[in-house]
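Novice: A structural model of the following input is requested.
(chains A and B)
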Amino acid sequence: MEIDPFIFRLSIFILSIFIGYYVVWSVTPSLHTPLMSVTNAISSVIIVGAIIAGLAGNSDTIFNASSIFGFLAISLAAINIFGGFLVTQRMLAMYKKKKKDK
Amino acid sequence: MISANLSAIFYLISGVLFILALRGLSSPETSRQGNFFGILGMIIAVTVTFLSIGNFSTGLAVVLIFLLIGGLIGAFIAYKIPMTAMPELVAGFHSLVGLAAVFVAIAAFLNPEAFNLGSPGNIKLGSLIEMSIGAAVGAITFSGSIIAFLKLQGIMSGSPITFKGQHPLNAFILISIIIITYLLCSTQSSSLFWILLAISFLIGFLLIIPIGGADMPVVISMLNSYSGWAAAGIGFTLENTALIITGALVGSSGAILSYIMCKGMNRSFFNVILGGFGATEQSASEQNKEQRPVKSGNAEDAAFLMKNASSVIIVPGYGMAVAQAQHALREMVDTLKKNDIKVSYAIHPVAGRMPGHMNVLLAEANVPYDEVFELEEINNDFANADVAFVIGANDVTNPVAKTDPQSPIYGMPVLDVEKCKSVLFVKRSLSPGYAGIDNDLFYKENTLMLFADAKKMTEDITKNL
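Specialist: Numbers count the residues shown, from 1 in each chain, chains lettered A, B, ... in the order given. So this is what the prediction gives:
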């Protein structure tokens, strides 16, 4: 008997929840704000769905309803990707250690 | 055009890179590398998507233009935003993830062929369920985050908005979401899909309005979690590993942060979500504790106390962020250090409006992160310190949480500030904090109240040192 591919995706999903659980507990509390901004950025990988929708039409139907929603989603996700990664980088650059020579 | 199997492997790689991005945050040294992994993972995912479609017709130009517009806006925001506005920014970003999830779900519903999900009116059942979940959670994330954003920005009052029948109404809407999802899946009716989206937007709005300003750390973390689950729902629809892995990571990350925040307040998650804290519980404590003597001082007194101290612990709170006092504070600490006084910072988990808010502000003011300590690390040191300098914090220092079982904040972990030889408390007035209760610390023998704006007071103290 074949196993439904959904089961494989579900397995990936469940295991990733566990990975997330252990990885996030090991994040130092002082970096919780960068954690939120970087999770924002990576969850915008949803842009792959938006790109598929945006590129679905052929040259006559570029602007059908579905692809317009795709285009809008591309912009929203792009704001998050660029904004999220850059602001995280900006924050992380500020975390400095004490200078030994006073 | 690359094969579906090859692109699946690349999506897996980008999922792994996202895991490494979060892993990097376990210490500030590895965090920058982690962020780089995250960016790399994103580049791989986007590139592979373009290659796997291989349709480089006119549509491509339009896609790139929208990508560029979004990217420029995002980059502009990231460079311009002041660090004190980080909670608003994160709430705003959550709303965008939510809305993007909704849009992708709509696109997939309108044109299922593009995603290999069947044809309009005849979408595969599993995909339709996944799509509905993604869309509904995305809509809740969007409208909830908008409310959180408005409250944090001060456009909307931070106080809880409650009305009669609120909880039954919310419960009713949540049940109807489930029923409509069921009907949608059995009839494939597009009007039900739009109704589902509309009531999901509505419930997101209703769920967040009763939650007050200082509970925002929980709300933001919770919405963070929702945005992850929405992404995962869409990931199942698109059968995309990167999206499923990321959704699960973000979902559990937000859930853990909410848990940490609730624990920091000794409140259950449901207690926070049901809202209205402080509005109902102003008990007897208000009447019998009215006119008690308070010692107040000025910048000179404070400077004198600190000059004669050998160790000082600084307790920052939301008030520091409001007054933008972090730079002035760092200058004061620099002066103290020149006088060979040991200075450290104590941060309560729920200080500020989002997890880690204070740490970012101190980092911005060039405070080295190894001088900044969490509650458990530093709480025993208060007994040996000479001066505690409380700037903009209130409820998180209230000893009532340890002594009075009647108090609404009883059992909440607090900083043992009162054990210091003397306490300097910068505050504009004696008004109670968010929980609506009096702070016993104000009336202690060893407390000196400094009534002023946090930034101005800190600057004045520096002048007097």
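Novice: which residue packs closest to B:Glu300, ignoring adjacent ones?
Specialist: Counting by C-beta to C-beta, 6 or more residues apart in numbering or on different chains, B:Asn464 is the residue found nearest to B:Glu300 once chain neighbours are left out, at 5.1 Å. Where C-beta positions appear, they are placed from N, C-alpha and C, glycine not excepted.
Novice: Now do the contacts for the one you found.
Specialist: B:Ala299, B:Glu300, B:Ala302, B:Ala303, B:Phe304 (C-beta atoms under 8 Å, 6 or more residues apart in numbering or on different chains).
Novice: By neighbour count, which of the residues you listed wins?
Specialist: Neighbour count (other C-beta atoms under 10 Å in any protein chain shown) singles out B:Ala302 as the most crowded of the contacts of B:Asn464, with 25 neighbours.
Novice: could you dump the strand or helix carrying that one to CSV, C-alpha only?
Specialist: B:Ala302 is part of helix B:299-307 when elements are defined by DSSP states H and E. Output of helix B:299-307 as CSV, limited to C-alpha atoms (Å, rounded to 0.1, in the frame of the first residue of the first chain):
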residue,chain,number,x,y,z
ALA,B,299,19.3,64.8,41.4
GLU,B,300,21.9,66.0,43.9
ASP,B,301,20.8,63.5,46.6
ALA,B,302,20.8,60.7,44.1
ALA,B,303,24.3,61.6,42.9
PHE,B,304,25.5,61.7,46.4
LEU,B,305,24.1,58.2,47.2
MET,B,306,25.6,56.7,44.1
LYS,B,307,29.0,58.4,44.5
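Novice: Give the other helices and strands that that helix contacts.
Specialist: Judged by 3 or more C-beta pairs under 8 Å, 6 or more residues apart in numbering or on different chains; DSSP states H and E, helix B:299-307 is in contact with strand B:387-391, strand B:422-427, strand B:447-451, helix B:454-464.
Novice: what residues does the second one touch?
Specialist: Contact with strand B:422-427 is made by B:297, B:302, B:305-306, B:319, B:386-392, B:394, B:417, B:441-442, B:444, B:446-452, B:454, B:457-458, as judged by C-beta under 8 Å, 6+ apart.
Novice: what sits against the residue lying closest to A:Phe85 once chain neighbours are set aside?
Specialist: The shortest distance from A:Phe85 to any residue other than its chain neighbours is 4.6 Å, reached at A:Ala41 (C-beta to C-beta, 6+ apart). Going by C-beta under 8 Å, 6+ apart, A:Ala41 touches A:Asn80, A:Ile81, A:Gly83, A:Gly84, A:Phe85, A:Thr88, B:Gly38, B:Met42.
Novice: rewinding a little: selection in PyMOL covering whichever of the contacts of strand B:422-427 are buried, please.
Specialist: Restricted to buried positions by 16 or more other C-beta atoms under 10 Å in any protein chain shown, the PyMOL selection for the contacts of strand B:422-427 reads:
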select buried, chain B and resi 297+302+305+306+319+386+387+388+389+390+391+392+394+417+441+442+444+447+448+449+450+452+454+457+458
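Novice: Now do the same for residue 91: its pLDDT.
Specialist: No chain was given, so I picked chain A. As predicted, A:Met91 sits at a pLDDT of 93.
Novice: wait, I meant chain B there
Specialist: Reported pLDDT at B:Ala91 in the predicted model: 94.
Novice: helices or strands next to the biggest helix by length in chain A in the packing?
Specialist: As assigned by DSSP state H, the longest helix anywhere in chain A is helix A:65-92. Helices and strands touching helix A:65-92, by 3+ C-beta pairs under 8 Å, 6+ apart, are helix A:32-43, helix A:47-54, helix B:28-53, helix B:58-80, helix B:86-110.
Novice: near chain B at all, the second one?
Specialist: It stands for helix A:47-54. Yes. On the criterion C-beta under 8 Å from any C-beta of the partner chain, helix A:47-54 is in touch with chain B at A:Ile47, A:Val48, A:Gly49, A:Ala50, A:Ile51, A:Ile52, A:Ala53, A:Gly54.
Novice: taking the mean pLDDT, what do you get for that helix?
Specialist: Mean pLDDT, helix A:47-54: 90.
Novice: what's the angle from it to helix A:65-92?
Specialist: Angle, helix A:47-54 to helix A:65-92, by axes from the mean of the first three to the mean of the last three C-alpha atoms, to 10 degrees: 150 degrees.
Novice: Run through the residues that contact B:Arg292.
Specialist: Going by C-beta under 8 Å, 6+ apart, B:Arg292 touches B:Phe442, B:Tyr443.
Novice: Can you tell me the SS state at it?
Specialist: Using DSSP: H, G, I helix; E, B strand; the rest coil, the structure places B:Arg292 in coil.
Novice: B:Asn366 versus that one, what's the distance?
Specialist: 39 Å (C-beta to C-beta, to the nearest Å).
Novice: circling back to that earlier point, could you save the helices and strands packed on helix B:299-307 as TSV and add columns showing distance to A:Ile19?
Specialist: Shown next, in TSV, are the helices and strands packed on helix B:299-307 (distance: least, C-beta to C-beta, whole Å):
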stretch	distance to A:Ile19
strand B:387-391	39
strand B:422-427	43
strand B:447-451	47
helix B:454-464	41
